[in-house]
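> Next one to model:
(4 chains)
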2 protein chains.
Amino acid sequence: MAQDPQAKDSHAALDPQGKGVTNRSDTLFVGSLEKGFRVLRVFRQAQRDLGLRDLSLTEIAKLAELDKSAAQRFTNTLVTLGYLNKNPRTRRYSPAIGLADFYYTYILSNRIAEIAMPRMIEASKKFDTTVNLCELSGSDIVYTIRIPHEKARYEATVPGRRVPAFCAAGGVVILANLPAVERDQILADSSFRAYTDHTITDPPAVRTRIDTAREKGFDIGESQIIIHELSTAAPVFNSEGRAVAALQIPVYQPDWTLERTWEKIVPLAIETARAISYSL
Amino acid sequence: MAQDPQAKDSHAALDPQGKGVTNRSDTLFVGSLEKGFRVLRVFRQAQRDLGLRDLSLTEIAKLAELDKSAAQRFTNTLVTLGYLNKNPRTRRYSPAIGLADFYYTYILSNRIAEIAMPRMIEASKKFDTTVNLCELSGSDIVYTIRIPHEKARYEATVPGRRVPAFCAAGGVVILANLPAVERDQILADSSFRAYTDHTITDPPAVRTRIDTAREKGFDIGESQIIIHELSTAAPVFNSEGRAVAALQIPVYQPDWTLERTWEKIVPLAIETARAISYSL
DNA sequence: ATACAGAGTATTGAATAATAATACTCTTCT
DNA sequence: AGAAGAGTATTATTATTCAATACTCTGTAT
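The predicted structure follows:
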């Protein structure tokens, strides 16, 4: 099941276009810190593009665009801090368990996730489906909470996954309910790359999809990222009426038809999203 | 349900007692990188101890033991990189979605988690229970994969959570199957703090519990970390026979009695852990 | 077996880039 | 309205990061 032609999760610029914030060349920008993070990021890239679970020093240096000495210093530091493992036999580096701390820190600071969690668990039991929460990050969405039920492809079940907002149902419903300027900016920053043969990448078609999602209050993506996946999403609003997240429920053909999805899943997604919104 | 007297997740030294690896004072240790991470870690501590979801610059400076200038530089850098949010109104900082990337990176590099995931999903459906995978990190265990079913306390459902190995069922079964020297070292590093009135903290009693777990091949903790929780765990071994993880299933009294847990949950945990082990 | 290439590790002087002090501005509370 | 506290911007100083280099190890090929 499921196919996705080594589709790179978009990633690139997390940079939250500085609200008067300092930029990369300021004296207040600590370059060493960025280099350290660059080393960590390289592992995600290597996984995606090369299918590698670990990396040698020279590979890290190459991918992170650091010289050998710098790579040496940063890997050593990261190992000492518990964020990278070093296999003493192979001398290769891999991500370490310490990295999980950051996700925990983020999620625990996230009121939306906290409020959503019990409702998502409940919703997932209704039809034994996966239920996800996602939010916007640059022009991607990131899955923050996942209640997995289907045995989908591994990456598709892990929180922290990034996919382009324009083609993911969760992204579409968030974009649909954002102020126009923000939406336009994000679409301008998006590269409309296809994940499957069915991915809607034509900009006018993408806009139509978004407009429809705004009118109807939900979106269904058919094989947009994973083939045979019907991805239903509804927006979550905070108390100021801003679309801050999306509740997304994927189901798979042929177990689920489009009709049954409309009938059962759409109302569940909308209702759950609404319940979360009311509590925010 | 559930109580836990503001029990600090232990955290402290991630430091994987350097295997000939450089230490903190080497020229190969980049201090700026550590300071940056110290700022991020402070948020977890603040959550735990102060219940704060966001922090002011001065609070960060105090907690991270940095002067105001340093705090300023590091927060600015982290905001630019997308790892902290800054609320322009309140000027307070909070963890940002970018942090979720690291968990994803780690989990995708983790063969055990990948193999465990589908079996855990299956197992969770058997009795509609939560199923977790955890591994050792210093003297803690960290939950790496969680399939939540019960509406337990929020923190208890989030991957990345840390609890002391000595009192968590998952920790006990891992410790039980580690080489004696390693086990002794970890116990020596542990601070036997109680989470509940029922937590077994007496060192000889802890050792007895561990020995029993080794003999029987599983452990059940009764209200060890959360009251009314019956926590069942079984060890996962890699192909060299090393205990690399634990499969843990929590159920709650009075829905579940100790007897039914023995009868239903223990075999499920053991069987699932074994199935994972065979595939490693 | 031996030699060679490639990769990883350790050391060091140089200077860049991080630092800490300080002055300035804004906010908030009395 | 004024004062205190917090956040921001700027600067000279020097400690810390840096990159070059030499050394050691590992594994492969001859």
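
> Then A:Glu135 would be within a strand, right?
Yes - judged by DSSP: H, G, I helix; E, B strand; the rest coil, A:Glu135 forms part of a strand.

> check contacts around the closest residue to it other than its chain neighbours.
Among residues not flanking A:Glu135 along the chain, A:Ala245 sits closest, at 4.7 Å (CB to CB, 6 or more residues apart in numbering or on different chains). For the C-beta atoms, the positions are set from N, CA and C on the backbone; glycine is no exception. With contacts defined as CB atoms under 8 Å, 6 or more residues apart in numbering or on different chains, A:Ala245 is in contact with A:Ile112, A:Ala116, A:Leu133, A:Cys134, A:Glu135, A:Thr144, A:Ile174, A:Pro235, A:Val236, A:Ile276.

> Doesn't A:Ala245 belong to a helix?
No - assignment of A:Ala245 by three-state DSSP gives strand, placing it outside any helix.

> Among the contacts of A:Ala245, name the ones in helices.
Assignment to helices by DSSP state H places the following of the contacts of A:Ala245 there: A:Ile112, A:Ala116, A:Ile174, A:Ile276.

> ok, those vs B:Phe192, which is closest?
Ranking the ones in helices among the contacts of A:Ala245 by separation from B:Phe192, with CB to CB as the measure, puts A:Ala116 on top at 35.7 Å.

> The residue of chain A at minimum distance from DNA strand D: neighbouring residues, count only.
Using CB to the nearest atom of the strand, the closest approach of chain A to DNA strand D is made by A:Ser69 at 3.1 Å. The local packing count at A:Ser69 equals 10, with neighbours defined by other CB atoms under 10 Å in any protein chain shown.

> what about it, which helix or strand?
Here A:Ser69, judged by DSSP states H and E, is contained in helix A:68-81.

> Pull out the buried positions in stretch A:51-67.
Buried residues in stretch A:51-67, defined by neighbour count with 16 or more other CB atoms under 10 Å in any protein chain shown: A:Leu52, A:Arg53, A:Asp54, A:Leu55, A:Leu57, A:Glu59, A:Ile60, A:Ala61, A:Leu63, A:Ala64, A:Leu66.

> Could you identify the helix or strand that succeeds the strand or helix carrying A:Gln248?
A:Gln248 is part of strand A:243-252 when elements are defined by DSSP H and E. Scanning forward in sequence from strand A:243-252 by DSSP H and E, the next helix or strand is helix A:258-260.

> ranges for the strands of chain A?
Ranges of strands within chain A are A:84-86, A:93-95, A:131-137, A:140-147, A:162-164, A:219-222, A:229-237, A:243-252, based on DSSP state E.

> Columns mean pLDDT and distance to A:Thr27 on top of those strands, output as TSV?
Formatted as TSV, those follow (pLDDT from 0 to 100; distance: least, CB to CB, whole Å):
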stretch	mean pLDDT	distance to A:Thr27
strand A:84-86	94	29
strand A:93-95	96	31
strand A:131-137	97	27
strand A:140-147	96	31
strand A:162-164	96	31
strand A:219-222	98	45
strand A:229-237	97	40
strand A:243-252	97	34
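
> and B:Pro203, which of those strands is closest to it?
With distances scored as CB to CB, the stretch of the strands of chain A nearest to B:Pro203 is strand A:84-86 (29.7 Å).

> neighbouring strands for that closest one, and are they parallel or not?
Each strand pairing with strand A:84-86, determined using DSSP bridges, is listed with its direction: strand A:93-95 (antiparallel).

> quick one: contacts of the partner strand?
Counting by CB under 8 Å, 6+ apart, strand A:93-95 makes contact with A:40, A:43, A:53-57, A:60, A:75, A:78-79, A:83-87, B:102, B:105-106, B:109-110, all of which sit outside it.

> Do me a favour and average the pLDDT over stretch A:193-212.
Average pLDDT, stretch A:193-212: 97.

> returning to what we had before: ChimeraX command for the buried members of the contacts of strand A:93-95?
The ChimeraX selection below is limited to those of the contacts of strand A:93-95 classed as buried (16+ other CB under 10 Å):
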select /A:40,43,53,54,55,57,60,75,78,79,83,84,85,86 /B:102,105,106,109,110
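
> Return only those of the contacts of strand A:93-95 found close to DNA strand C.
Residues of these in contact with DNA strand C (CB under 7 Å from any atom of the strand): A:Ser56, A:Leu57.

> so where's chain A shaky on pLDDT?
Under the criterion of pLDDT under 70, the regions of chain A flagged as low confidence span A:1-25.

> for DNA strand C, what are the nearby residues on it?
Contacts of chain A with DNA strand C, taken as CB under 7 Å from any atom of the strand, map to A:27, A:29-32, A:56-58, A:68-69, A:72, A:91-92.

> Number of residues surrounding the closest residue to A:Thr272 other than its chain neighbours?
By the measure of CB to CB, 6+ apart, the closest residue to A:Thr272 outside its immediate chain neighbours is A:Ala123, 4.5 Å from it. Number of residues near A:Ala123 (other CB under 10 Å) recorded here: 23.

> so A:Ala123 touches A:Arg274, yeah?
No - under the criterion of CB atoms under 8 Å, A:Ala123 makes no contact with A:Arg274, lying 11.5 Å away.
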